[in-house]
Every structure is written in structure tokens, then in C-alpha cells.
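# Here's my sequence, what's the structure:
(2 chains)
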Number of protein chains: 2
Amino acid sequence: MIDVNDAGLAKRAELVIPGGTYGHMDVRSFSSTLPQYMASGEGCRITDVDGNTYLDFMCGWGPVVLGHRNRVVQRAVADQLALGDCLNGGSSVMVELAELLVDTVAHADWAMLAKNGTDATTACVTIARAATGRRKVLIANGAYHGAVPWCTPVAAGVVPEDRAYLDYFEYNALASVRAAAERAGDDLAAIIVCPFRHDVHRDQELADPVFAQGLRELCDRTGAVLILDDVRCGFRLDLAGSWEPLGVRPDLSAWSKAIANGYALAAITGTDALRSAAESIYTTGSFWFSAVSMAAAMATIRELRDTDALSRMRDCGQRLRDGLAAQARSHGLDVVQSGPVQMPLLRFAGDDDFELTRRWCDEAGARGVYLHPYHNWFLSSAHTAADIDEALDRIDGAFAAVARR
Amino acid sequence: MIDVNDAGLAKRAELVIPGGTYGHMDVRSFSSTLPQYMASGEGCRITDVDGNTYLDFMCGWGPVVLGHRNRVVQRAVADQLALGDCLNGGSSVMVELAELLVDTVAHADWAMLAKNGTDATTACVTIARAATGRRKVLIANGAYHGAVPWCTPVAAGVVPEDRAYLDYFEYNALASVRAAAERAGDDLAAIIVCPFRHDVHRDQELADPVFAQGLRELCDRTGAVLILDDVRCGFRLDLAGSWEPLGVRPDLSAWSKAIANGYALAAITGTDALRSAAESIYTTGSFWFSAVSMAAAMATIRELRDTDALSRMRDCGQRLRDGLAAQARSHGLDVVQSGPVQMPLLRFAGDDDFELTRRWCDEAGARGVYLHPYHNWFLSSAHTAADIDEALDRIDGAFAAVARR
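Residues are numbered from 1 along each chain as shown, chains lettered A, B, ... in the order given. Here you go, the predicted model:
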């Protein structure tokens, strides 16, 4: 069994980092036993600062879509590092990447590049307001679109005016969107929505195609901008855009996470109708033109496009889901699995406070499998059937420990 | 003379990037002849995609404080890349960097890490509001604090509510700050200010120590938070903080740009009094815990601390300033130089629309020296006296060309 003491780092961190750490990677918010500080990663495995290795099902919370230190991406990074990174302007790779995004993403006529998912969602809202001259933006209750005052899930330091023109609807409930659009009237600038409902603390919920198509029709009818927040799902489910299988193309999309296999990059893609609005806003950052993360994105997207990475990820996700279902049954435990198999989640039925699920994740962690009790997990293309089987072998002990209680 | 055609990239970019490019690195906004796309950098020189090399006085617009591809930083980056970057939590280097910042920055009891300068300034304002339970934030007219709706200099897509509780004062005019504080009354949360006035389109203006001390006293008296936006100046003027020579310590500081010699990183530092407020807000990003840029920051700050990099940069900045002054005199041209010598700026006297200064910068660019007509330049520690002399030799031709008109 794995023993975690964070090599004394957590104690040192408490002195010099507020709360010891912060944000989504604050382990205390979801586990009492997983490590806070990590030493290294290779493929689908990560090693903590105490030397314990885990089969990784969080993948850096999404970015690592080809596995840690993927060789193709590392080579592209090394090649670009040999030239330069932060210069006085973009490099040729900036243009090449924008071309690749336009070729790859179905709705995209252009692309802009940034650093955080929040940069991209914020720019999408700003472009939509600039394009329409309207103010109201509709958001699904409970959806996560970033961590600055207009969208952060915690109200500390936020003033009501930060959200002055936001109104809310229920995911997959078209009538509630229509009602919100009605309230917005001719001030409706945009609807921002995630490809599926991946809010924390609840079962994941795939988008009803009728819901997605209804949003598209509503936006077409009202002249509002449909923004797909593909930050979490993008480049893992469908390279052309996560709603492409549903036949729905947004006007703007926000991307980040998996776009460059872990290197800091975000993107906004949009249609020609929004090009001049995108030109009219002013958004930028000190490192938004840096070449290395763009070279990593080129390598990542090409690898996802030119290999069977996505289908292998789906197959391994299905193998994990089937295996977990069989194990739960064999232990007489009732579980609910949800979300796409590449971004899975499991909780125990009736475990409304996630207490049992949290204990199960801790037991899995102690056996070398890194899971999360109430935030979707992530597969990478570095996971093989053998890795899934090894993970299931270890997880079986976690089910047994929970069943014993 | 240098011939720039951007290797056809600018034409391709127009198709797939709104406006061909965007943000502060959009060359069209300040030059008709400098290249938009760069191929590589080494030390104090950059090479564009057509193969022209320039003595670089923008340094990636600030980040490159030790020179492009500094060997010590590149080694630290390579070592960390061999371990991993974006893992499920911070790495030991996150704690070490927070410790180094607390040791280095005079006012700092803690540090948080982010990606953009705007992330840091936004978090500072949010922390100040969380700490005080107040709303009003005072900002100097014309100051740049980032590029999201609450602070971006362009109004497109911005709604008035984004700036609901901002009020404005004149830099270096204590009476105007006191009047704004009076207007805010007991709702004054914070004053955010840059270490010197480095607004575009005007002469740079050093902070009057009486002004800086007056802000400190005003904040002490009213319980407001003094935020120093050290994003542009930080780690180039004084490692302990850019107002340390003035004897003024802020409550919060925002850092980015030079912190990691070009790698994407930002930081917030604060005092113990604001630790729990910093803990209470929720701000994060997909790449905020990534180790490589933190390893780069460790190497950068140590190199700045343990070598004579800062004093060499100052000496070279002085050599450049003196040389430019002498050249202008010899050509019978009247110039105004302003700002710290490490972040210099030159314009021609009476050139209110910057037309002459822009032409001079274009002439310098055509002779292989990369300058800016109305945004401060940046020195790096990779600039030597010989590089300055070579730059001056080339710039002399630019003065001559301007004098001929």
C-alpha cells in the first residue's frame, strides 16, 4: 500500500502558499490520502514526491491526451526550443497552427491563441458582445466556464456587477433556455454551453441532440452567438468539435487543456461572421505568441488526427467502464457510471454526499490508481488494454475494502 | 538594408487569424516596416522569418531578461522536461519557487502562481475585495493593467458594469488620489498602481517618492489594499520589488513577464494580513501548476540574484542613453529620453503624433535594430557594451535619415 507524506513539502507549502495550495488541484478538496505534490510522469503513469507511482486517470486534469512526455510532442518542443520561444511577434508555427485549427475544426474560419481556458471563454463572451452590440449571456446552472470574477464558482471577492448580464438555464432543458432568451429579449448576445454536462458533484450527462440543435436554432432565430466551451472536452472526443457528431456547429469555440498535450495554450475559433468582431476587441498576454506550446499543439493535433489515438482511447475507456461495472456487481455494490467513456466518472448509488465514493477513490489511490470522486476522469492514448487491466486489478481491492464496510 | 516580406506568412495569416494577428505584438500598430513573424532568438539578437537579424531592444516585450535561450535557464527547463510538466498537482519546484519569492521580494509572506500578468492583476483586485468586503478600486488614468474587460484599453465587447467600481486618479498627483479616495469613502478596497508611469504614447515618468509614500499612508489610514502592478518592471529594476528603493512596500504585487525569462508564468505575492483572503478566492487554470516554467523562474531569479546581471543591464542602458543623446546632438536633433535606463524610451521633441519617432524606429529596424516608437523598450543582461556600441553605430544612420528630412 502506498504511503504519502508529500516528502515534507505540504508543510513547507503551508508557510509560503495560501492554504498550502489552491485551485482545482488542491487535493484536500477531494481526498484525504492522495499526494499533493508530484515528481514526474511517463505515459499513463505519474510518480509522487515520495516515489509512489500511480496509474493516472486525471492526466493533469485533462491536458495530457497523448500521455505524459509523449515522444512526438517532446521532439517538437525540443526542436522549437532550439530556435526560440518568446520573441517579438509570432513565429511561423503560429500561422501553421491557425491553419491546422481551421482545417481540423468544422466551424472554424479563423483562430486566436491564448494561455488559459478562461482566456478563451472570456474572449468568446467579449467577441459576442462586440459582434451583437448586446449584453445578455445565458449560462447553464452549475456549469464551469473558468475562474475569474464573471465565472468563478466561488463568490469571494466577486461583485454582483461582474455578472450583471448573465442569466441561467438548465442543461438539456430547452424550455428553460427559451424562457431565459425570452427574458433577455433583444439584448441576447450569446449562449455559452459545454459539450456535455460535466459539472462537479453530480452524474455527467450527455447532451440531448434535440437540446443542442434547439440552441443552434434559437441563436439563428435571435441573432445571438452560440459559444461552445470545448475547453475540457476538446481534442479528446472529436477533433472537428465535440458537437460535430450531433450535427451542431457553434459560432465560437473555446479550447485549451488537451490542445498541446500539457503545454500552456488556449484557442478561440470562430466563423467568418465573427471575424471583424474578433478583430475589434483587445485581448493579449505576455506569452500568447510564444512558439513552443504552439509547436506542441501542432504535434499533438497531428498525432491525434493521423493515428488511431482517439479510437484507442475510446476502446480503453469502454474496457475500464465494463470492468468497473463487472467488479461492482461481483462485490454486490451498486454504482452509477456516467459521461463519455474517455472522460468517465463513477459514484456509488445513493452516495449523495460522495462519502463512499471518496473512500473508494482513496482506497484506489492507496493501491496506485489516481481517480477522483466527483470530477470526471480523463483517459489518454497512452493507456493500453494492459494498463486498464492492471488498474482494474488494483481497483478490485478498493471495491473489496468498500464492500467490507 | 533589411528587406522584410514575412516570408509570405502575413498573407497566410490574414486568412486564418483575425486581422492577421492581434494584441500588443501586432506590428502594424507601431511600424510599417518591422517584421510580424520571427524565426529565432539568441542572446540579445532575434532573427525574422526572412533571415534578417536584429539587435533586440524589446526582449519579447519584457520577458526575456537574461537574453533569448539563456543557457542556465535552458538547462533548468531541459532537466524539468525530463521529469514532467503538467501533472496532477504542483511539483517540488512550486514550493521552492514560492519560498524563493518570499525570500526575494521584500513584502512577500506568500506567493501564488498563474500564467498571465492579467491573471495576477485580476487576482490581486479579487483578493483585495475579499479581504476588505469593499468594492472601489482606484487606477491611474491611462495605466495598463491587463487585457480583459475590467482593464483592457479597448472598449469593444466591454459593458460599463465590468468597471462599475473603478475610479481614476492622475499618476504622481497625490491630491487626485486623495480626492478619489474621498469619493470612494468607506467602500475603498484597493489602489492599484505601476512602479513608474509606463503608459504608451507619452514620456515615461518615474514615481515621485512622495507620491508612493502617500499612497502607502493613504492605504494604511483607510484600510485599503495597496497593489503594485510589477508585471512590466518586476525582476528588471530591483528583485525585492520595484518600489523597494523608494522605501514603499505594497500589500499585494502582481508579477509576470521577466519572472521566468520568457516562459509562461505569473505570480501574486502578498502579506500575511491578506493570506486568508487569498485562500478564500477561487482562481486557477489548467497549466498553473506546471513545473517547467517554475523551474525556469527558479533559474532566472537565482541568476539575477547571484550575478551582476541587473547592474550590467543598468550600465548598458546608461551607455545606450548617453550614446543616443550624443548622436541626436551631433545630428542637431532634439530628443526626449525617459524611463529607467533598463526600460528606456526615446521620442523627438515636439513629435506629438510620434510620426517622426516612428520613422526613426523604422529606419533603425531597416538597419537591424528593433525599437518601438511609443512603448518602452527593454534591456536584457545579454546586452554587452559591444552590443550597445554596435546598435548605436546602426542607429546613427537612422538619425541621419531623419535629419535629412
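
# The residue in the stretch 251-400 of chain A positioned nearest to chain B - nearest residue in space that isn't next to it in sequence?
Nearest to chain B, among the residues of the stretch 251-400 of chain A, is A:Thr284, at 2.8 Å (Cβ to the nearest Cβ). (Glycine included, C-beta is placed from N, CA and C.) Using Cβ to Cβ, 6 or more residues apart in numbering or on different chains and skipping residues adjacent in sequence, the residue nearest A:Thr284 is B:Gly23, 2.8 Å away.

# Verify the contact between the one you found and A:Ser286 for me.
No - between B:Gly23 and A:Ser286 no contact is recorded; they are 9.9 Å apart, counting by Cβ atoms under 8 Å.

# who has more neighbours, those two?
Set B:Gly23 next to A:Ser286 and count neighbours by other Cβ atoms under 10 Å in any protein chain shown: A:Ser286 wins out with 29 against 20.

# Which strand or helix spans that one?
Per DSSP states H and E: A:Ser286 is located in neither a helix nor a strand.

# Excluding chain neighbours, give the residue nearest to it in space.
Distance criterion Cβ to Cβ, 6+ apart; nearest residue to A:Ser286, sequence neighbours excluded, is B:Lys257 at 5.1 Å.

# How about the contacts made by that neighbour?
Neighbouring residues of B:Lys257 by Cβ atoms under 8 Å, 6 or more residues apart in numbering or on different chains: A:Ser286, B:Trp61, B:Gly62, B:Pro63, B:Gly117, B:Val231, B:Arg232, B:Gly234, B:Phe235.

# okay, it: pLDDT?
With respect to pLDDT, B:Lys257 scores 98.

# I'd like the distance between it and A:Gly185.
Using Cβ to Cβ, to the nearest Å, one obtains 44 Å as the distance from B:Lys257 to A:Gly185.

# Mind pulling up the pLDDT for the most centrally placed residue in chain A?
Computing the C-alpha centroid of chain A and ranking residues by Cα atoms, centre = their mean puts A:Arg232 first, at 1.9 Å. We have a pLDDT of 98 for A:Arg232.

# Could you do A:Phe235 as well?
Per-residue confidence (pLDDT) for A:Phe235: 98.

# can you pull the contacts of it?
By Cβ under 8 Å, 6+ apart, the contact list for A:Phe235 reads A:Val65, A:Trp255, A:Lys257, A:Ala258, A:Ile259, A:Thr300, A:Ile301, A:Leu304.

# wait, is it part of a helix?
No - read with DSSP: H, G, I helix; E, B strand; the rest coil, A:Phe235 is coil and lies in no helix.

# Okay, it and chain B: tell me how far apart.
Per Cβ to the nearest Cβ, to the nearest Å, A:Phe235 is found 13 Å from chain B.

# Can you tell me the closest non-neighbouring residue to that residue?
Nearest residue to A:Phe235, sequence neighbours excluded (Cβ to Cβ, 6+ apart): A:Ala258, at 4.1 Å.

# you'd agree that neighbour is up against A:Ala297?
No - in this structure A:Ala258 lies outside contact range of A:Ala297 using Cβ under 8 Å: 9.6 Å.

# what sits up against the lengthiest helix in chain A?
Criterion DSSP state H: the longest helix present in chain A is helix A:309-330. Contact partners of helix A:309-330, identified using Cβ under 8 Å, 6+ apart, comprise A:57, A:65-66, A:236-239, A:303-304, A:334-335, A:337, A:340-344, A:346, A:379-381, A:383-385, A:387-389, A:391-392, A:395-396, A:399.

# Which of the residues you listed fall within strands?
Per DSSP state E, strands hold the following members of the contacts of helix A:309-330: A:Val335, A:Gln337, A:Leu346.

# Surely A:Tyr171 is in contact with A:Arg202?
No - between A:Tyr171 and A:Arg202 there is no contact under Cβ under 8 Å: 10.2 Å.

# Please say which of the two ends up with more neighbours.
Of the pair A:Tyr171 and A:Arg202, A:Tyr171 is the one with more neighbours under other Cβ under 10 Å, namely 21 against 15.

# Before we go further, the more buried one is sitting in a strand, right?
No - according to three-state DSSP, A:Tyr171 belongs to no strand; its state is coil.

# mind listing what it touches?
With Cβ under 8 Å, 6+ apart, A:Tyr171 has these contacts: A:Ala140, A:Asn141, A:Gly142, A:Ala143, A:Val193, A:Cys194, A:Arg197, A:Asp199, A:Glu205, A:Ala207, A:Phe211.
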